[in-house]
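[1] Coordinates for the following, if possible.
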Amino acid sequence: MQFDQLKRRDFLSLLGGAVTWPLAARAQQPAMPVIGLLDQRSPDALADRLRGLRQGLGETGYVEGDNVTIVYRWAENKIDRLAELAADLVHRRVTVIVATGGIPPVLAAKAATATIPILFIVSEDPVRLGLVKSLARPESNLTGINFFNSELVAKQLELLRELVPQAAAVAVLVNPASPNTFETTSRDIEPAARAMGLQIKLVRASTGPEIDAAFATFARERPDALFVANDAFFNSRRVQLVQLAAHHRLPAIYSGREYSEIGGLISYGTNIADAFRHVGLYAGRILRGAKPSDLPVLQSSKFEFVINHQTARTLGLAVPDKLLVAADEVIE
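    The predicted model follows:
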């Protein structure tokens, strides 16, 4: 009997070990890496771009919800919330921060941490902004994508003039709450307009009601065309902008294909979804151990020229054949 009791006791001991061993093993497994995404806009403005980010992650072997978590922090166009949201991501000890939607989110993330890798997408020179030492060797915890929308002002104005050759006066919608893009657009568009013999007028708007007020001004002054500056806030209000332009029958050019897809007349700018894909690739490389200081800032050179032909017909505009041929996409 004692022998049977001993065997039973040993068996229970072994059984207990078999039960607890997998629990201990699971406890020792590394936690899933976390990417923190910080943006000054709302999520409904970024559906296509987030697909690009996830595509880039997928190309490096990471799938959201499977082997990586993405924590989203949206400022809902309230820039004064960015510092708090960036601090929250740092508190959560995310593995990498992806700061998008203009320069303010990048600066907020930079102020919040000097150690967590930060990936940016900016239209300004990141060296001049003080984000990196050089494009080839960032030498900091920041790197990312530099695209050229802010440097395409002259080309955009030229395309608008070709589509609306009778235009003499062009209203330029700018956002004073984004000082860097405001300064760049203001600086570049004046000499370009003079070279084309165009008169321009800068109109400022940084809120939804101010956009409404701007179009009320256009209704009174009747400019021949509208130039909407590249700006993250304007992108988030693109439905409002396109609908108002249609209501006032005002030909307009925008900086991204998202405008043309919802009825905007013409757009020319960097393929931002592709820039997000490259950020996803960089995020995957960092998750695998790469340092941002060793990843050069990439300069996006993939541009898109999109014409909404249906909108042109509604406005009574005949699109020149050379523009139809040059366009990457013509929406019928």
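[2] who's in contact with the residue nearest to residue 232 when sequence neighbours are not counted?
    Closest residue to residue 232 apart from its sequence neighbours, by Cβ to Cβ, 6 or more residues apart in numbering: residue 102 at 3.9 Å. Where C-beta positions appear, they are placed from N, C-alpha and C, glycine not excepted. Residue 102 is in contact with 40, 122, 178, 181, 231, 232, 233, counting by Cβ atoms under 8 Å, 6 or more residues apart in numbering.
[3] Looks to me like residue 97 is in a strand.
    Yes. Per DSSP: H, G, I helix; E, B strand; the rest coil, residue 97 lies within a strand segment.
[4] Tell me which two of the contacts of residue 102 sit farthest apart.
    Farthest pair in those (Cβ to Cβ) is 122 and 233. Separation: 15.0 Å.
[5] Mind checking which of those two has more residues around it?
    More crowded of residue 122 and residue 233, by other Cβ atoms under 10 Å: residue 122, with 25 against 22.
[6] The more buried one contacts residue 101, correct?
    No. If you go by Cβ atoms under 8 Å, residue 122 and residue 101 don't touch, sitting 10.0 Å apart.
[7] After the helix or strand bottoming out on mean pLDDT in the chain, which helix or strand is next? Please name it.
    In the chain, no helix or strand scores lower on mean pLDDT, DSSP states H and E than helix 2-28, which sits at a mean of 45. Per DSSP states H and E, the first helix or strand lying C-terminal to helix 2-28 is strand 34-39.
[8] Against which helices or strands is the following helix or strand past that next one packed?
    Once the chain leaves strand 34-39, the next helix or strand it forms, by DSSP H and E, is helix 47-59. Packed against helix 47-59 by the contact rule (3 or more Cβ pairs under 8 Å, 6 or more residues apart in numbering; DSSP states H and E) you find helix 272-287.
[9] what does the helix it packs on contact?
    Under the contact criterion Cβ under 8 Å, 6+ apart, helix 272-287 has outside partners 33, 35, 48-62, 68, 95-96, 98, 100, 117, 119, 121, 143-145, 147, 256, 290, 292, 295, 298, 300, 302.
[10] Give the ChimeraX command for selecting the buried subset of those residues.
    ChimeraX command restricting the contacts of helix 272-287 to the buried ones, with burial defined by 16 or more other Cβ atoms under 10 Å:
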select :33,35,49,50,52,53,54,56,57,58,60,62,68,95,96,98,100,117,119,121,143,144,145,147,256,292,295,298,300
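[11] Check the burial of the nearest residue to residue 297 once chain neighbours are set aside by counting its neighbours.
    Spatially, and ignoring its direct neighbours in sequence, residue 297 is nearest to residue 135 (4.3 Å; Cβ to Cβ, 6+ apart). As a burial measure, residue 135 scores 15 neighbours (other Cβ under 10 Å).
[12] try residue 278
    Count around residue 278 with other Cβ under 10 Å applied: 21.
[13] and if you look at residue 93?
    Residue 93: 11 surrounding residues under other Cβ under 10 Å.
[14] Provide the secondary structure category for the residue lying closest to residue 133 once chain neighbours are set aside.
    Ranked by Cβ to Cβ, 6+ apart and with sequence neighbours excluded, the top spatial neighbour of residue 133 is residue 139, at 4.1 Å. Taken by three-state DSSP, the conformation at residue 139 corresponds to coil.
[15] Would you enumerate the residues in contact with residue 139?
    With contact set as Cβ under 8 Å, 6+ apart, residue 139 has these partners: 132, 133, 293.
[16] show me the residues around residue 271 that make contact.
    257, 300, 302, 303, 304.
[17] Identify the farthest-apart pair in the residues you listed.
    Within these, two members stand farthest from each other by Cβ to Cβ: 257 and 300, at 14.0 Å.
[18] from the contacts of residue 271, which is closest to residue 200?
    For these, the minimum distance to residue 200 (Cβ to Cβ) is 22.9 Å, reached by residue 303.
[19] and the closest residue to the closest one other than its chain neighbours, how many residues sit next to it?
    Leaving out its chain neighbours, the residue that sits closest to residue 303 by Cβ to Cβ, 6+ apart is residue 270, at 5.9 Å. Residue 270: 27 surrounding residues under other Cβ under 10 Å.
[20] Please apply the same query to residue 323.
    Residue 323 has 16 nearby residues by other Cβ under 10 Å.
[21] list the helices and strands the strand or helix carrying it packs on?
    Using DSSP H and E, residue 323 sits within helix 321-326. In terms of contacts (3+ Cβ pairs under 8 Å, 6+ apart), helix 321-326 is packed against helix 153-163, strand 303-308.
[22] do that again at 10 Å, thanks
    When contacts are defined as 3 or more Cβ pairs under 10 Å, 6 or more residues apart in numbering; DSSP states H and E, helix 321-326 sits against helix 153-163, strand 303-308, helix 309-314.
[23] quick one on the thing from earlier: confirm the residue nearest to residue 297 sits in a strand?
    No. Read with three-state DSSP, residue 135 is coil and lies in no strand.
[24] residues touching it, list them.
    The contact partners of residue 135, taken as Cβ atoms under 10 Å, 6 or more residues apart in numbering, are 125, 126, 127, 143, 146, 296, 297, 298, 299.
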